[in-house]
Structures are given as C-alpha cells and as structure tokens.
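Participant: Give the three-dimensional model of this entry:
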Amino acid sequence: MMLTVGAKVVYPSRGPCLIGEVVKKVVGGQTMKFYPLALLDNSKGELFVPVENLANLHLRALLDKCEIPQLLRRLKKISGTRKEPDVAKNWRQRNTDNTKLLSSGSAFDLAVIIESLTSLAGTKSLSPFERETLARARTLLVCEISEVTGESKSAVEEQVSEALRAGRSA
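Facilitator: Take a look at the predicted model:
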C-alpha cells in the first residue's frame, strides 16, 4: 500500500490515522525514515511507522461510505439471531479469538467482537479484560464510521447501539 500525506488509513488495533510527511529519526545509531500517523480517536496519539516495514503492518484504507449500512445491518443481523453467537465458553479462548479479530484491522471483525461480548454481557458478568476489549472494539468502530461519514462520534455511537437493540428486538 502506498501512503499519501494527508490521507487516512486504519492501523490495526489503533484505528483511523492521518498520514503525515516522512520524518527521519535516529534509532540505535541508524537514521531511519518514518511515516508519522496521527491517531484520530481524540487521544492525540501519534505512531511512527518505519517506511521500510510498511508492507508488514497490514494498514488498510478506511471503509467506503457505501459499506457503512452493510456493517450496521450486519450488527442487526448478528444480534438478531435467535441462537447464541459463536462465543467460546472458555474465557482464555475468547480472549485469544478477540485478540486475533482486533489485530486483523477489519471493521467487520470489530462488529463480531462487539456483538459477541455484548451478547455475553447479557448472560453473565464480563471480566475486566473483556469489558476493556468490548469498549476498545466499539471505540475503534465508532471512530472509523465517524471519519468516513463525517458524523459526530456520539451520533455514530447511538447508531451502533440502535443496530444492536434493533437486532435483539427482531
């Protein structure tokens, strides 16, 4: 993937980022080139991605605007199924599965995490790690949808919540 200054990409597990101009930094006595990526999640964080290592990072373009309704319908469909979602009974396996989904960088994988942990929370208390994973997945998904649609994060959060509620009442 070629990066363009000023474009937005998704960094897996960190969410949407704005690409800055290449900078040089000295690391271990070597001068290296980095793309600075400004996180767009209100944290004001910044990542520095080595230009030479770009292919291994699994960066992807933001969703297309036309994919957002499909993503929200998927949340409705998943949460509207009468059978329980495919959630591992063992907390250790759930954590492994969710970590893989988070690191994939896919918005649709984030939807799976959100639905499965939201559903599980309806039947039992989530562990602190699972609550954090759920919150992180929601934040990443909301942030990306907000960047794509130009809507506020609070409006998008309500859309995600509504999709989950609509699916459960179907």
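Participant: For the rest of this, base every contact and every neighbour count on C-alpha atoms.
Facilitator: OK.
Participant: So in this protein, which strand runs the longest?
Facilitator: For the chain, the strand that runs over the most residues, judged by DSSP state E, is strand 30-39.
Participant: Note down every partner strand of that one and its orientation.
Facilitator: Counting by DSSP bridges, the strands paired with strand 30-39 are strand 15-19 (antiparallel), strand 23-27 (antiparallel), strand 46-50 (antiparallel).
Participant: centre of the chain versus it, how much separation?
Facilitator: Taking the mean of its C-alpha atoms, strand 30-39 sits 22 Å from the chain's own mean (CA atoms, centre = their mean, to the nearest Å).
Participant: in that strand, what's buried?
Facilitator: Neighbour-count burial for strand 30-39, with 16 or more other CA atoms under 10 Å as criterion, is recorded at 33-39.
Participant: again, but for stretch 127-139
Facilitator: For stretch 127-139, the buried set under the neighbour-count rule, 16+ other CA under 10 Å, comprises 130, 133-134, 136-139.
Participant: and which of those is nearest Trp91?
Facilitator: Among those, Glu130 lies closest to Trp91 (CA to CA), at 8.8 Å.
Participant: where in this structure is pLDDT low?
Facilitator: Judged against pLDDT under 70, the low-scoring parts of the chain cover residues 1, 77-88, 167-170.
Participant: Next, the contact list for Glu158, please.
Facilitator: Counting by CA atoms under 8 Å, 6 or more residues apart in numbering, Glu158 makes contact with nothing.
Participant: Which helix in the chain has the most residues?
Facilitator: Longest helix in the chain, counting residues (DSSP state H): helix 128-149.
Participant: returning to what we had before: hmm, who's touching the longest strand of the chain?
Facilitator: Under the contact criterion CA under 8 Å, 6+ apart, strand 30-39 has outside partners 14-26, 44-52.
Participant: List only buried entries from those.
Facilitator: Those of the contacts of strand 30-39 that meet the buried threshold are 14-20, 22, 48-50, by 16+ other CA under 10 Å.
Participant: List just the nearest of those to Gln93.
Facilitator: Nearest to Gln93 among the buried ones among the contacts of strand 30-39, with distances taken as CA to CA, is Arg14, at 22.2 Å.
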